[in-house]
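Asker: After the sequence you'll find the predicted model.
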Protein chains: 2
Amino acid sequence: MANDPTSELPSERARQILRMLVEHYIREGQPVGSRTLSRSAGLDLSPATIRNVMADLEDLGFIIAPHTSAGRIPTAKGYRFFVDTLVRLQPMAEPDVVRLQHQLEDRFLGDAKAIAAAASSALSSLTSLAGVVTIPRQPHSTLRHIEFLPLSGRRVLAILVVNDSEVQNRILDMERDYTDDELRRAANFLNEQFTGLDLGEVRSRLLVNLDGTREFMNRLMLDSISIAGPAQKSGADSSGYVLSGETKLMNFQELSDVEKIKQLFEAFGQQREILTLLDRSVAAQGVQIFIGEESGYRILDECTIVAAPYTVDDQIVGVLGVIGPTRMAYERVIPIVDVTARLVGSALNSSLNTNLNSGS
Amino acid sequence: MANDPTSELPSERARQILRMLVEHYIREGQPVGSRTLSRSAGLDLSPATIRNVMADLEDLGFIIAPHTSAGRIPTAKGYRFFVDTLVRLQPMAEPDVVRLQHQLEDRFLGDAKAIAAAASSALSSLTSLAGVVTIPRQPHSTLRHIEFLPLSGRRVLAILVVNDSEVQNRILDMERDYTDDELRRAANFLNEQFTGLDLGEVRSRLLVNLDGTREFMNRLMLDSISIAGPAQKSGADSSGYVLSGETKLMNFQELSDVEKIKQLFEAFGQQREILTLLDRSVAAQGVQIFIGEESGYRILDECTIVAAPYTVDDQIVGVLGVIGPTRMAYERVIPIVDVTARLVGSALNSSLNTNLNSGS
DNA sequence: CCTTGACACTCTCCACGGCCGATTGCTAGC
DNA sequence: GCTAGCAATCGGCCGTGGAGAGTGTCAAGG
């Protein structure tokens, strides 16, 4: 990622100028010229001097001039340097944090998807950008109750209650017919033996007992337990993430071209690209930023994604963040995403615990 | 709706000219002038004559000239007259019908939402407009199985299986504690007495027995049966309709203004306006059309909605249609919406019957 | 009475050109 | 090493003017 290391490091003064330039451009949205920067507080330098420095910065690839007489704007590389080493983060206002926390926890219990939706919409309204939150994976699902119902044609409806109040169900296609009695016995067996255990645990115990007595219905049991595994396919819709405030993106002139907006929205609809991009930030802890062309997707050339994974019990269960133009208020957005990730984690946690505290 | 009835009826020739004008405008998207119409096949009239007729049509409010030298375009009233009495509907191609039918029935069984989503996306791709399908109401829900599980703090998780493979669940806030045994007995009672009955029927029988023996848990039973009533609120997401291909709307120059697109998309997000509009077409059978300002919503001033209710067992369970610019290919779109409504109805029906054919 | 050709008029669209302002790179001087 | 000054460059703005398209009207003809 970092090549040409010799000329990579601008002088202290150059860095200050770069910071002021980026900050000014983010605020005003116009290319900023040497005169503006010279007047701008802080450094006492003539426009000519600043011009020299800016020429250097342009050589290094941090800024670029849209045309001869129009000042400079940051490149993706410039933004990268800015967020990595120059930005002065501006912590969220305390009242905002409290309000956000309430929004995330006042929700009706147990519904992870509702929390994700609330977080997405909160992110959007706090930043005036598009908010995005992946539906949380269930970190551990403890079996609460299971039930089988016969359908037509060797199909069986399995209903699982996990984590004490979450219902999942799926239709299983079986190889042979099962009698009502068999199904009842299978359910009883599972309920008696495995209630309160993690589904993964249940699964492995079932595998161990495979050649035991009830092998004739092992297939049924295994399948039913496995349905809660990778993704909670409760409907055809829990496809990935919750997006909010996309329309806010139309307010930015850098995206006001209809064709660009269209492609962007189509990408939102596909979900694929966005999801793989978000997945990348699962690797590292903390806030990840993908600026413009860095993402590798043409459609996002003029967009930045600020994302952070969120955790339950120190396990990463999802990613959230915002999507906006490269020219966004990083110093405000980054803390917002950071805090939201933490709060979503704890909201999920407490909603889980509320239901776990008692039980049968 | 129809005022000034004396001058309402243009002559046969005027109607022909109006039809050609509308058809031409729909095809080309440009204001159409007298010369163009004169050259256009059919009538053998000089441009001057046509100009006279067009002046009449303009007086009647069917067409309007954007400016002095730009030909005429249809008004909403003009479109209305066109679709009501002039349009020559062009039936769907048979292969398209078959393909559509397959798309709607090849789906995995029982999931009404998936059928709606498929229909929405099919509508969009057939018409190159935005497709919209409301989530079907359940016309009749027969009770298959019910189960209660205790949660913390006097809350009870109720799980219902209706129509043989559809699972619904909700958390009930109760007034007092229930023991495990009580819950089991309540479930057994309901399962033994009411399996196979319509939920409404179950409800009324419960009400009759209100002062009978088990009145102490009637509240529980009633609440649990009622959850399946008005809307299947299985998640926080089944909020109304499935929209597809919104981005296709950005292709039309009449909507290519960013501000308009933005408001339109925000309206899609709100859902409220669109839903009340769709609800209006539940009144009448068959295809309903709302042209531009007729809708009464400013945001839809330049849009037309073509909608039709769809039925299961002769009961209207939802509405589907397309949203596009007023300038759309009505002669193709209307039959498509019509056929899709029928096919969705029968797809829902057959998916229902597949599961009902057997059972325990 | 309806139709038609002719004519003057209106209006949009677009290309051209000139001017203004902003900004730069360069060079000479401090 | 910084700064002031200078010429050069380029986008944005505005008024002009011509081309093109279409209209309304009017008088002549069937």
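Answerer: Sure, I can see it.
Asker: What helix or strand is the closest residue to chain B within the stretch 101-250 of chain A located in?
Answerer: The stretch 101-250 of chain A approaches chain B most closely through residue A:152 (3.3 Å), counting by C-beta to the nearest C-beta. (Each C-beta comes from the backbone N, C-alpha and C, glycine too.) Of the helices and strands defined by DSSP states H and E, none includes residue A:152.
Asker: What number of residues are in the vicinity of it?
Answerer: Using other C-beta atoms under 10 Å in any protein chain shown, residue A:152 is surrounded by 15 other residues.
Asker: what about it, distance to residue A:177?
Answerer: From residue A:152 over to residue A:177 the distance is 11 Å, taken as C-beta to C-beta, to the nearest Å.
Asker: Residue numbers of the stretch 1-150 of chain A in contact with DNA strand D?
Answerer: Residues of the stretch 1-150 of chain A found near DNA strand D, taking C-beta under 7 Å from any atom of the strand as the criterion, are A:13, A:44, A:45, A:46, A:48, A:49, A:52, A:67, A:68, A:69, A:70.
Asker: residues contacting the closest residue to DNA strand D within the stretch 201-350 of chain A?
Answerer: As assessed by C-beta to the nearest atom of the strand, DNA strand D sits closest to residue A:253 within the stretch 201-350 of chain A, at 11.1 Å. Residue A:253 makes contact with residue A:29, according to C-beta atoms under 8 Å, 6 or more residues apart in numbering or on different chains.
Asker: how far away is it from residue A:302?
Answerer: Applying C-beta to C-beta, the value for residue A:253 to residue A:302 is 11 Å.
Asker: and what of residue A:270?
Answerer: Separation of residue A:270 from residue A:302 (C-beta to C-beta) stands at 18 Å.
Asker: Which one's more surrounded, these two?
Answerer: Between residue A:270 and residue A:302, residue A:302 has the larger neighbour count (other C-beta under 10 Å), namely 18 against 11.
Asker: and the more buried one, what does it touch?
Answerer: Here residue A:302 is in contact with A:254, A:255, A:260, A:292, A:325, A:326 (C-beta under 8 Å, 6+ apart).
Asker: Does the third one lie in a helix or a strand, and which?
Answerer: By that I understand residue A:260. Taking DSSP H and E as the criterion, residue A:260 maps to helix A:258-270.
Asker: mind listing what's buried in that helix?
Answerer: By neighbour count on 16 or more other C-beta atoms under 10 Å in any protein chain shown, the buried set for helix A:258-270 is A:258, A:260, A:261, A:262, A:263, A:264, A:265, A:267, A:268.
Asker: same question, stretch A:141-159
Answerer: Of all the residues in stretch A:141-159, those buried under the rule 16+ other C-beta under 10 Å are A:141-151, A:155-159.
Asker: and it, how far from the chain's centre?
Answerer: Here stretch A:141-159 is found 32 Å from its chain centre; the criterion is C-alpha atoms, centre = their mean, to the nearest Å.
Asker: can you give me the end-to-end distance of it?
Answerer: For stretch A:141-159, the first-to-last residue distance is 14 Å (C-alpha to C-alpha, to the nearest Å).
Asker: So which elements touch the helix or strand of chain A with the lowest mean pLDDT?
Answerer: Using mean pLDDT, DSSP states H and E, the weakest-scoring helix or strand in chain A turns out to be helix A:218-226, at a mean of 76. The elements that helix A:218-226 packs onto, with contact taken as 3 or more C-beta pairs under 8 Å, 6 or more residues apart in numbering or on different chains; DSSP states H and E, are strand A:143-150, strand A:155-162, strand A:166-173, helix A:180-194, helix A:199-208.
Asker: and those, which one is worst for confidence?
Answerer: When the helices and strands packed on helix A:218-226 are ranked by mean pLDDT, strand A:166-173 comes last with a mean of 78.
Asker: Can I get the least confident helix or strand of chain A in PDB, CA atoms only?
Answerer: In PDB, the C-alpha atoms belonging to helix A:218-226 read as follows (Å, rounded to 0.1, in the frame of the first residue of the first chain):
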ATOM      1  CA  ASN A 218     -30.700 -38.600  13.800                       C
ATOM      2  CA  ARG A 219     -30.900 -37.100  10.400                       C
ATOM      3  CA  LEU A 220     -34.000 -35.300  11.400                       C
ATOM      4  CA  MET A 221     -32.500 -34.000  14.600                       C
ATOM      5  CA  LEU A 222     -29.300 -32.900  13.000                       C
ATOM      6  CA  ASP A 223     -31.000 -31.000  10.300                       C
ATOM      7  CA  SER A 224     -33.300 -29.300  12.600                       C
ATOM      8  CA  ILE A 225     -30.400 -28.100  14.900                       C
ATOM      9  CA  SER A 226     -28.400 -27.000  11.900                       C
END
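Asker: Residues contacting that helix, please?
Answerer: Helix A:218-226 is contacted from outside by A:143, A:146, A:148, A:156, A:158, A:160, A:170, A:172, A:174-175, A:178, A:183, A:186, A:189-190, A:199, A:202-203, A:206-207, A:209-210, using C-beta under 8 Å, 6+ apart.
Asker: One more: stretch A:116-128?
Answerer: Contacts to stretch A:116-128, defined as C-beta under 8 Å, 6+ apart, come from residues A:96, A:100, A:103-104, A:107, A:129-136, A:241-245, A:248, A:251, A:318, A:320-322, A:324, A:328-329, A:332-333, A:336-337, A:340, A:343-344, A:347, B:236-237.
Asker: Apply 7 Å and report the result again.
Answerer: Stretch A:116-128 is contacted by residues A:96, A:100, A:103-104, A:107, A:130-133, A:135-136, A:242-245, A:248, A:320, A:322, A:333, A:336, A:340, A:344, B:236 when judged by C-beta atoms under 7 Å, 6 or more residues apart in numbering or on different chains.
Asker: Just those: which are in helices?
Answerer: Assigned to helices by DSSP state H, the following of these qualify: A:96, A:100, A:103, A:104, A:333, A:336, A:340, A:344.
Asker: ok, so what distance separates the fifth one from DNA strand C?
Answerer: Distance of residue A:333 to DNA strand C, given as C-beta to the nearest atom of the strand, to the nearest Å: 26 Å.
Asker: who's in contact with that residue?
Answerer: Residue A:333 is in contact with A:127, A:306, A:322, counting by C-beta under 7 Å, 6+ apart.
Asker: can you pull the pLDDT of the first one?
Answerer: Spelled out, it's residue A:127. Among the per-residue scores, residue A:127 shows a pLDDT of 97.
Asker: Run a quick neighbour tally on it.
Answerer: Neighbourhood size, residue A:127 [other C-beta under 10 Å]: 23.
Asker: residue ranges with poor pLDDT in the stretch 201-350 of chain A?
Answerer: Within the stretch 201-350 of chain A, the segments meeting pLDDT under 70 span A:209-218, A:227-239.
Asker: Over to the residue in it that DNA strand C sits nearest to: give its phi and psi.
Answerer: Minimum separation of the stretch 201-350 of chain A from DNA strand C (C-beta to the nearest atom of the strand) falls at residue A:327, amounting to 16.5 Å. Main-chain dihedrals, residue A:327, degrees, to the nearest 10: phi -80, psi 80.
Asker: All set now, cheers.
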